[in-house]
Structures are given as C-alpha cells and as structure tokens.
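[1] coordinates for the following, if possible.
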Amino acid sequence: MKQIPSSELIVNPDGSIFHLHLRPEQLADRIVLVGDPGRVETVASRFETIESRTANREFVSATGVYRGKRLTVLSHGIGTDNIDIVMTELDAQANIDLASRTVKPERKKLYLVRLGTSGALQADLRLGGLILAETSVGFDGLLNFYAGRDAVCDLEMEAAFVRAMEWDARLASPYFVHSSRLLNDRFRAFTVPGITISAPGFYGPQGRTVRLASVDGEMNRKLEAFRYNGRRITNYEMESSALAGLAALLGHEATTICTVIAQRIAGESDTDYQPFVQRMIELALNQLVEL
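    Numbers count the residues shown, from 1 in each chain. This next block holds a predicted model:
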C-alpha cells in the first residue's frame, strides 16, 4: 500500500494533524464549521459535556455531546484556502492511518454543516434571514486545481453563467457545485434555498468599491438578474464552494447555511446580528443530531 510522504501530510509529534492540531479520536462524525474562532464557544456552550478542546492559529475546536449525540465544532477562518486545509485534514483523520501514512481500506463519511454570514443579492431576502447554499459558485478557482473537478460540477450551469456574465477571461474560471441533498433536506424547512457565491475577497471580488473600483461595475446587477431553470443567485460569502466541492470529491456530506447580515441591493447592513446567528445555531444543531 502506497505511503504518503511526510512532506505531503504533516503529522505533529503528539499525533495530531498539522494545522488543526486534532487527533483522530477527538473528531466526531457530525461537524459544525464556523468562520469565527470566537463562535466555537457559542456553539460548544450548548453541549451537555465537552471531552476535548484544541486551538492553533484560527483553527479552534471543541468536541462534546449535544442531545446525546457526539459533535465537533471547528473554526476555519476566512476564505476557501482555509477550507482546503480544513477539509483535507479532516478527511485525513477519518480515512488515513496517520501512523503508517496509508489510506484506510474502509472509508468513513463525515457530515459537515458550515454556519456563516453573508450578503443578500435579491431584494426580497431580509436581514436576519437564513439562506441554504443548495448550489455554490466558486469565484476563487480552488477546485480547478483538483483532478475530478468536472465530475462533481454542474458544467451546463457553469457555461450558462459564463455567457450571461460575459465573464472576464482574466478571472478564475467559476465552478458550480451542488451541496449534500441529504443535509439540504434536513435544513430546507427553516431556510431559503439558493445559489451562493464564494468570493475570494470581501471588497472588489464582491463588487464593493471603497477606493478601488471593481473590474466589472455591473457585476452585482448581472448576478441579481441571472436565472437558470428558474433558480437565482441569492447571496455572497467566502467558503461554501470549496466545502461543497471538496466534500463531493472526498465522499462526505456537506452544506452551508448563512445568516444575512448585509442587503447588497438595498445597501443596508446589521452589525447586531448575534440573535439571528444564535437562532441559526440552534436550528442547525437540532437537525444535525437527527441524522
């Protein structure tokens, strides 16, 4: 069996994975992902018991029991580049023997839900509402670095989008990935399903102008108007495309739910959004433990 070189998969002296500092026995099959390290405690405070905590850079975790089921909550920081680290290292703990550096003969499936915040791109989506990323659009190009990318992407939707947007060839080729149908069925009752864009930045890549102008000043107008088989683009965030894409390639179930904290069409935002996030956490946890 092929051994993975230490340069390709770094294991710390204590047996934990390089960035996350988690050991395989500290990882539950049901995982809540959050961007903000401070939000880990917000989730973990609902656990009945906590068995382990870890922290390294922006990657903070807690594993415990909620309503009798074992869960891990983990922060990933900002951006799809961090999701690349998180998904690869979570899968390695589940499916690679870290001592021998070989792939385990039997694969384990992880169930991941990312709980984030976002900006709405349709006028009827209100501040505090919850959007389910049934499909994610990667403006970042990350998934294009992986073999098998086309097998997990909706190529027809990609082509229609590139035509409608008159996509600038200097930008990364966008990719469209559907998230877990199993998880989406759990969360659809309290969310608005939509198409979510993962941007590789908060300002220019999301059409914001502070001192620097966007390369396409009409981008958000075109995004708002885009339709594909009756579906529309609902919101911006910065991680869901990599999560959905890497999970699909690795054989895991993953999706993203976002609280709307900015209304890009109305030009409004709400910085006092914590009550909405608390509601999102409670609803998501109660569904995740029913799997």
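[2] what does stretch 76-88 rub up against?
    19-20, 33-35, 37, 57-59, 74, 114, 138, 140, 142, 198, 200, 238-239, 241-243, 246-247, 250, 252 (C-beta atoms under 8 Å, 6 or more residues apart in numbering). For glycine as for every other residue, the C-beta is placed from the backbone atoms N, C-alpha and C.
[3] to the chain's geometric centre, what's the distance from it?
    Relative to its chain's centre, stretch 76-88 lies at 8 Å (C-alpha atoms, centre = their mean, to the nearest Å).
[4] where do the strands sit along the stretch 1-150 of the chain?
    Listed in chain order, the strands of the stretch 1-150 of the chain (DSSP state E, counting those that start in this stretch) span 30-34, 49-56, 59-66, 69-75, 96-97, 102-103, 111-120, 130-138.
[5] kindly report the same for the stretch 151-291 of the chain.
    Counting by DSSP E, counting those that start in this stretch, the strands of the stretch 151-291 of the chain are 175-178, 192-198, 227-228, 231-237, 253-263, 268-269.
[6] returning to that earlier point: quick check: ChimeraX command selecting the buried ones in the contacts of stretch 76-88.
    Of these, the buried ones go into a single ChimeraX selection, burial set by 16 or more other C-beta atoms under 10 Å:
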select :19,20,33,34,35,37,58,59,74,114,138,140,142,198,200,238,239,241,242,243,246,247,250,252
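[7] hey, what's the nearest residue to T63 once chain neighbours are set aside bridged with?
    Leaving out its chain neighbours, the residue that sits closest to T63 by C-beta to C-beta, 6 or more residues apart in numbering is T72, at 4.5 Å. Here T72 sits in beta bridges with I31, T63, going by DSSP bridges.
[8] residues contacting I265?
    Taking C-beta under 8 Å, 6+ apart, we find I265 in contact with 120-123, 224.
[9] so which of those are in helices?
    Judged by DSSP state H, helices contain the following of the contacts of I265: E224.
[10] quick one: which of the contacts of I265 is nearest Q263?
    For the contacts of I265, the minimum distance to Q263 (C-beta to C-beta) is 5.2 Å, reached by A120.
[11] check contacts around that closest one.
    By C-beta under 8 Å, 6+ apart, the neighbours of A120 are 126-127, 129, 131, 234-235, 260, 262-265.
[12] name the strands paired with the helix or strand of the chain with the lowest mean pLDDT and say parallel or antiparallel.
    Lowest mean confidence among the helices and strands of the chain (mean pLDDT, DSSP states H and E): strand 268-269, at a mean of 94. Here strand 268-269 has these sheet partners by DSSP bridges: strand 253-263 (antiparallel).
[13] alright, calling it a day.
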